[in-house]
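S.K.: Provided below for reference: sequence and predicted model.
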Amino acid sequence: MKELIIKNFGPLDDVCLHLKRINLLIGPQSSGKSCILKIASFCAWTEKMIELYQDAEKYLGQQAIENNLICFHHLQGYANQESFFSFETDTMKFSFSFENNTFDFKWKEGRWNYQRSKIAYILAERNVLSVVPNWYEVSFSNSNIRYFLAEWQNVRNYIKTKSLNILNTGVAYHYNEHLNADKIILENAVEIDFQNASSGLQSVVPLCSMISYVYQGVFNSAMSSLQSQKPNIKLILELQARHPQGKTGIQFPDKDFFVVDNAEIQKVLNSFMNYQHSDIYLEEPEENLFPETQVDLVNWIVRMQNTNKQHSLFVATHSPYIMSAFNNLVQLGEVINEHPEKAAPISRILPADCAVEFDQLSAYSLTDGHVDDILDQDLRLISPSLLDTASDKISEVFSQLLEI
């Protein structure tokens, strides 16, 4: 489990979240959901870089925070003298105080059990791909938008030899490499430019394509490996000190090769240098989508996540439909666990590979700068009362009008 604490940052007053494999955050607009998502993504990335380069100061110093968090995620003006965040995992714990621009850091017992992750931040502005069709010719500053566009080219290369069916919409996405153009294939086999597609498709096509690439493509393509990517010398020296037995035979940076004879060092290097799983941070999956399509999207994402890899997902949403769809999948998991003998009738309602384990889920609501845990431990579901709040308010107004 991971713990994230944020204090006095933008609209956030005092937030504490315990993160698991699937993490859900719901709240009104401008409440700070994206702030939490961005800081969580930054912390996961920082953990990875500290592990790979064994250098906390380089990635937690004042300039690193300014460049990699504030500027990268467009959070200028959000921090003040009382701002603070901390992040704790099995590998390390670190915090940063904006009052004096200092950080604290310590290694945990799981330091060498780190499993390298592919981190993807899927931003709400993903329809920039359709709004700016010549995005590859535009110069962007170092930011999450620039990162997303760079990743989009990787997505294109992954999909260029095939088409990706988009949920149950009856359409598919295809990248035409010859024309350097994104295409939408309609049900009647008519092909149109992505820029001419509906607003819903302009939002969901990049979303589904990116998730497909991050959860599958990066593992099917040529991965970073010990043969193609030299590990950082600081990491090697730390491992040699930890495992002095055996001969590593490392000669770099002057030489272009190295040999690892020590099995323990080789095992750690493999988990550090090769992607072991992916972590997705997703803003507003419901963007421009009909409620039924939102449900289809949730089912599809969870199916993609439920492989033999320990992928994780962190979703920030306004939509009770998204939360209800996840609740159905939690209930599916509970029914499968309690009645495995009823697999056939269960599968006629929802596929078993969509199931979500309650113990691997966290869910929070965000209001007035604070988060509330909205998991009902007795029902083992997301609290139904929260999901019905909007409908209850609408019904109450309707009833009042009837009484006039």
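M.R.: Yes, it's here.
S.K.: The strand or helix carrying residue 183: what's the following helix or strand?
M.R.: Element membership for residue 183 (DSSP states H and E) is strand 181-185. For strand 181-185, the succeeding helix or strand toward the C-terminus, using DSSP H and E, is strand 191-193.
S.K.: Any buried residues in that following strand, and which?
M.R.: Using 16 or more other Cβ atoms under 10 Å as the test for burial, strand 191-193 gives no buried residues. For glycine as for every other residue, the C-beta is placed from the backbone atoms N, C-alpha and C.
S.K.: Run through who's touching it.
M.R.: Applying Cβ atoms under 8 Å, 6 or more residues apart in numbering, the contact partners of strand 191-193 are 133, 174, 181-186.
S.K.: just the buried members of the residues you listed?
M.R.: Buried, going by 16+ other Cβ under 10 Å: 174, 182-185, out of the contacts of strand 191-193.
S.K.: Widest-spaced pair of these?
M.R.: Greatest spatial distance among the buried ones among the contacts of strand 191-193 (Cβ to Cβ): 182 and 185, at 11.1 Å.
S.K.: of the contacts of strand 191-193, closest to residue 140?
M.R.: Out of these, the member with the shortest distance to residue 140 (by Cβ to Cβ) is residue 133, at 14.8 Å.
S.K.: need the contact list for that closest one.
M.R.: Residues counted as contacts of residue 133 (Cβ under 8 Å, 6+ apart) are 193-195.
S.K.: pLDDT and distance to residue 377 for the buried ones among the contacts of strand 191-193 - can I get that in TSV?
M.R.: Shown next, in TSV, are those (pLDDT from 0 to 100; distance: Cβ to Cβ, whole Å):
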residue	pLDDT	distance to residue 377
174	93	46
182	93	45
183	94	48
184	94	44
185	94	46
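S.K.: how about the strands in the stretch 251-400 of the chain?
M.R.: 257-258, 277-283, 312-317, 361-367, 370-373, 375-376, 381-382 (DSSP state E, counting those that start in this stretch).
S.K.: neighbours around residue 371, how many?
M.R.: 22 (other Cβ atoms under 10 Å).
S.K.: where are the low-confidence patches of the stretch 151-300 of the chain?
M.R.: For the stretch 151-300 of the chain, residues meeting the criterion pLDDT under 70 lie at 221-231, 243-262.
S.K.: ok, now with 80
M.R.: 220-233, 236-237, 239-266 (pLDDT under 80).
S.K.: before we move on, back to that, between the strands of the stretch 251-400 of the chain, which one is closest to residue 125.
M.R.: Smallest distance to residue 125 across the strands of the stretch 251-400 of the chain (Cβ to Cβ): 8.4 Å, for strand 277-283.
S.K.: Please identify the pairing partners of that closest one and their relative orientation?
M.R.: Here strand 277-283 is paired, per DSSP bridges, with strand 117-122 (parallel), strand 312-317 (parallel).
S.K.: beta partners for residue 5?
M.R.: According to DSSP bridges, beta-bridge pairing links residue 5 with residue 16, residue 86.
S.K.: now the one 4 residues further on
M.R.: Note on residue 9: beta-bridge partners by DSSP bridges are residue 12, residue 79.
S.K.: Hmm, it is touching residue 85, no?
M.R.: Yes. Assessed by Cβ atoms under 8 Å, residue 9 is found in contact with residue 85 at 6.8 Å.
S.K.: Apart from its chain neighbours, what residue comes closest to residue 300?
M.R.: In this structure, residue 300 finds its nearest non-sequential neighbour in residue 167, 5.7 Å apart by Cβ to Cβ, 6 or more residues apart in numbering.
S.K.: about what we covered before: and the buried ones among the contacts of strand 191-193 as a markdown table, adding distance to residue 378?
M.R.: What follows is the buried ones among the contacts of strand 191-193, written out as a markdown table (distance: Cβ to Cβ, whole Å):
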| residue | distance to residue 378 |
| --- | --- |
| 174 | 48 |
| 182 | 47 |
| 183 | 50 |
| 184 | 46 |
| 185 | 48 |
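S.K.: now the contacts of strand 191-193 as CSV including distance to residue 350?
M.R.: Below are those laid out as CSV (distance: Cβ to Cβ, whole Å):
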residue, distance to residue 350
133, 38
174, 29
181, 37
182, 32
183, 32
184, 28
185, 28
186, 28
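S.K.: which one of those is nearest residue 279?
M.R.: residue 182 (25.5 Å).
S.K.: so what's the closest one up against?
M.R.: Going by Cβ under 8 Å, 6+ apart, residue 182 touches 129, 156, 173-176, 193-194, 205.
S.K.: Which members of those occur in helices, if any?
M.R.: In this view, the contacts of residue 182 that belong to helices under DSSP state H are 129, 156, 205.
S.K.: Among these, which one lies nearest to residue 150?
M.R.: So of the ones in helices among the contacts of residue 182, ranked by how close each gets to residue 150 (Cβ to Cβ), first place is residue 156, at 11.0 Å.
S.K.: That closest one - how many residues pack around it?
M.R.: 20.
S.K.: Indicate which one of the strands of the stretch 251-400 of the chain is closest to residue 95.
M.R.: strand 370-373 (18.2 Å).
S.K.: Of all the residues in stretch 268-288, which ones are buried?
M.R.: Neighbour counts over stretch 268-288 (16+ other Cβ under 10 Å) mark 268-269, 272-273, 275-287 as buried.
S.K.: With stretch 15-26 instead?
M.R.: 15, 17, 19-26.
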